[in-house]
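Colleague: what follows is a protein structure lacking sequence information:
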Ligand SMILES: Nc1nc2c(ncn2[C@@H]2O[C@H](COP(=O)(O)OP(=O)(O)OP(=O)(O)O)[C@@H](O)[C@H]2O)c(=O)[nH]1
């Protein structure tokens, strides 16, 4: 824009016009107010003047009428006695009082019957006249007093007149004649003085009776007519006829314009003396004053305008300079410092403030640009659709993801409505959300559908944009494509369902436990085994479901499993009413970083397995033929008995037995008979010892017996003899009675240094000696306690044999 060096003309013109209008308005208002007040006051003054003037005029008429009354009364008084009786005498007497003719147009006399009997002007009484029906006549007769009659048209002169009567009384005081003096309203000068008192040049006075009959008026044609006979009763007259006295302003109904009307009642007749003063004449000076005031105001306004123009030019010059500098700065011809115009007034401060503001605005703009750039960068790199939609549902901002996800140029959406871009179906699907956001609600919703020909599952957030006044000009939209996640969730749900189906039919408790030791999952076996609904398990503390006691056992394993170790434990637990043995295996679910997401627990009921296992173990320790302990159990028992003997320092003895010539039994009677012998032999052994002693079949026809708490020195021998004695009775076989004998070698435990093998060897050696001694006997190796002596079976055998 080209700089002119001046402020725009319109500004100066407006300023100047403003001052002119202001001065004009102020002058006009003040003048109008002053004139209005003056007019009001002046009307008051004029009204008061009019009242005074009219009061004087009314008093003058009253005085005139009073004079006429007095004059007629004086005339009547002066008449001779004869004139009061005789009409002729009366006529003559009247002629002698011609002086009254100066005041009355005519003076006549009527008899009691109303007949005209005398007339001052017409002595010949050229016509007959009877006024017996006239009100003034009747009133004079009845009151015997003088009467001023309302105006009427004289029957004698045919002129409008006002009559004043005076009764002529005889000696008795009765009315004999009535004198009547008439005043010609057309020609006499009765109202002459009164008329001269008219206000202004165009104003006039008039008189009417209290009924509105005009007695005097500048327009003589209106005499005796009613005041309203021409154009109705104006407001002022109406008021006057109603009794109003004073002044008022009213519009004439006869087209004379507005006027000030003044009314005053005559004291003598109650007639109304009135004055009309045309407003135009009354206020002519005021009108002139108003014109002068307007002229003066206009001159003042013109002078003020001129002065204002000059002042504006002078005061606005620095502002023009500032404006010129602003233009230079905008076109790059000057820098911001040019705005420091130097003046130490408001404009100087304005320049400095402008510099400051422009700097702050530039800084704010730079910040805004940077902020917008950052926001744009962030929005464009967020993997979600981000947009701003205004209240007309038009896109105002869109990020780059629109291109990536939907293949549309985000800029092409700007200014278009949702309906334009996506079509009516999509618009209808999201309409409720958009309306809710525009109503100020935050919206979070997941919906599936087709967007631009692509099926998607979208998670959408709509956030209303609140203006400072609380209105919502638009809303922000963030839409995430969660189709893959939804698919994964569906897959996972299917997988979980399969897993549930499988695990529900396993004869085991299967569960997943979180790091907080709360269940994440449990199969249907929880219901069957523990009476716990698996649906209630997720989130439930493990301790609640399995009880304090079981949890105390499980917890250490659980802790180790959460360290990443596969652990297991067994524990007894109540399943229903039964006590069961449960074996649990805890398998950590390791994440890639090695942490444990959860621990899977598989718990099996091992009660039956355990029973079978114990049964197998028991079977493995029993001799299948005889039912007594086998070699394995014998070895265990011997070791345990030796440990006890050492601990308690109690004596122990081991017997080693062999059936004599058993081979020949088999050979002669058969292997079955041999078995029967073995069973009977075992039974007799078991019966001959204490229940705490252990009888075992070591192999073939070899047996052993562990004796605990054997009292030295003779009890071993006693035992040996009891055994041999128990076998000695013949065996009752199916084949018949069979004598069976056995040989027994007994070794007494030598002390702490002796092990099972050593003890067994010594017993075996004693058995060998018993066999060698001819069988069916025993040998006891009874070695004394203390340091182990050199084994000398021969000596022992000899000793035993000697016993
Ligand atoms: N019926 C039967 N015979 C067995 C069983 N086990 C081993 N035998 C036999 O028992 C016999 C054992 O004989 P030996 O102890 O060697 O000899 P013996 O005939 O008893 O002679 P001495 O012991 O010297 O008196 C053998 O013939 C084995 O075959 C078994 O379970 N049942």
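Modeller: Received the coordinates, thanks. Treat the numbers as computed from the prediction; the structure is a model and nothing was measured. Numbers count the residues shown, from 1 in each chain.
Colleague: mind checking the end-to-end distance for stretch 237-254?
Modeller: Start and end residues of stretch 237-254 are separated by 13 Å (CA to CA, to the nearest Å).
Colleague: mean confidence for it?
Modeller: Mean pLDDT, stretch 237-254: 88.
Colleague: how about that stretch: buried residues?
Modeller: Neighbour counts using 16 or more other CB atoms under 10 Å place 237, 239, 240, 241, 244, 245, 247, 249, 250, 252 of stretch 237-254 among the buried residues. For the C-beta atoms, the positions are set from N, CA and C on the backbone; glycine is no exception.
Colleague: wait, is the fifth one part of a helix?
Modeller: I take that to be residue 244. No - counting by DSSP: H, G, I helix; E, B strand; the rest coil, residue 244 is not part of a helix but coil.
Colleague: in which helix or strand would I find the closest residue to it other than its chain neighbours?
Modeller: In this structure, residue 244 finds its nearest non-sequential neighbour in residue 263, 6.1 Å apart by CB to CB, 6 or more residues apart in numbering. Using DSSP states H and E, residue 263 maps to strand 258-265.
Colleague: who does that strand touch, helix- and strand-wise?
Modeller: helix 9-78, helix 235-241, strand 246-251, strand 272-278, helix 279-282 (3 or more CB pairs under 8 Å, 6 or more residues apart in numbering; DSSP states H and E).
Colleague: ok, and for the shortest one, which residues are buried?
Modeller: The neighbour-count check on helix 279-282 (16+ other CB under 10 Å) flags 279, 281, 282 as buried.
Colleague: residue 19: what's it in contact with?
Modeller: 304, 305, 307, 308 (CB atoms under 8 Å, 6 or more residues apart in numbering).
Colleague: can you tell me which residues contact the closest residue to it other than its chain neighbours?
Modeller: Once flanking residues are discounted, residue 19 sits nearest to residue 308: 3.5 Å by CB to CB, 6+ apart. Residues near residue 308 by CB under 8 Å, 6+ apart: 15, 16, 18, 19, 20.
Colleague: switch the cut-off to 10 Å
Modeller: The contact partners of residue 308, taken as CB atoms under 10 Å, 6 or more residues apart in numbering, are 12, 15, 16, 17, 18, 19, 20, 22, 23, 301.
Colleague: and what of residue 240?
Modeller: 208, 210, 212, 227, 233-234, 246, 248, 261-265, 272-274.
Colleague: what helix or strand does the residue of the chain found nearest the ligand sit in?
Modeller: With CB to the nearest ligand atom, the shortest gap between the chain and the ligand falls at residue 674, namely 2.2 Å. In this structure, residue 674 sits in helix 671-688 according to DSSP H and E.
Colleague: what comes up buried for that helix?
Modeller: Those would be 673-674, 676-682, 684-686, 688, for helix 671-688 by 16+ other CB under 10 Å.
Colleague: interface residues of the stretch 701-803 of the chain facing the ligand?
Modeller: 701, 771, 775 (CB under 6 Å from any ligand atom).
Colleague: the first one and residue 662 touch, don't they?
Modeller: Going back to what we said before, that points to residue 701. Yes - look at residue 701 against residue 662 with CB atoms under 10 Å: they come within range, at 4.0 Å.
Colleague: shared neighbours of the two, anything?
Modeller: 674, 677, 678, 681, 740, 742.
Colleague: OK, contacts around the residue lying closest to the fourth one once chain neighbours are set aside?
Modeller: Same thing as residue 681. Closest residue in space to residue 681, ignoring its immediate chain neighbours: residue 659 at 6.1 Å, by CB to CB, 6+ apart. Residues near residue 659 by CB under 10 Å, 6+ apart: 665, 674, 677-678, 681, 700-703, 727, 740-743, 775.
Colleague: pick out the lowest-pLDDT one from those.
Modeller: Within the contacts of residue 659, pLDDT is lowest for residue 775, at 90.
Colleague: can you give me the neighbour number for that one?
Modeller: By other CB atoms under 10 Å, 14 other residues sit near residue 775.
Colleague: now do the contacts for it.
Modeller: Residue 775 neighbours (CB under 10 Å, 6+ apart): 658, 659, 660, 661, 741, 742, 743.
Colleague: any idea how far residue 660 is from it?
Modeller: 4 Å (CB to CB, to the nearest Å).
Colleague: show me whatever sits in contact with both of the two.
Modeller: Shared contacts of residue 775 and residue 660, counting by CB under 10 Å, 6+ apart, come down to 741, 742, 743.
Colleague: which of these count as buried?
Modeller: For the shared contacts of residue 775 and residue 660, buried by 16+ other CB under 10 Å: 742, 743.
Colleague: tell me which of the shared contacts of residue 775 and residue 660 fall in strands.
Modeller: 742, 743 (DSSP state E).
Colleague: related to what we said a few turns ago, contact partners for the spatially closest residue to the residue of the chain closest to the ligand that is not a sequence neighbour?
Modeller: Using CB to CB, 6+ apart and skipping the chain neighbours, the partner closest in space to residue 674 is residue 666 (4.1 Å). For residue 666, the contacting residues are 672, 673, 674, 675, 677, 700, 701, by CB under 10 Å, 6+ apart.
Colleague: equivalent analysis for residue 576, please.
Modeller: 528, 529, 530, 531.
Colleague: which ChimeraX command selects the buried ones in these?
Modeller: Only the buried entries of these go into this ChimeraX selection, using 16+ other CB under 10 Å:
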select :529,530
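Colleague: what about the ligand: which of the contacts of residue 576 touch it?
Modeller: Near the ligand, by the rule CB under 6 Å from any ligand atom, you find none of the contacts of residue 576.
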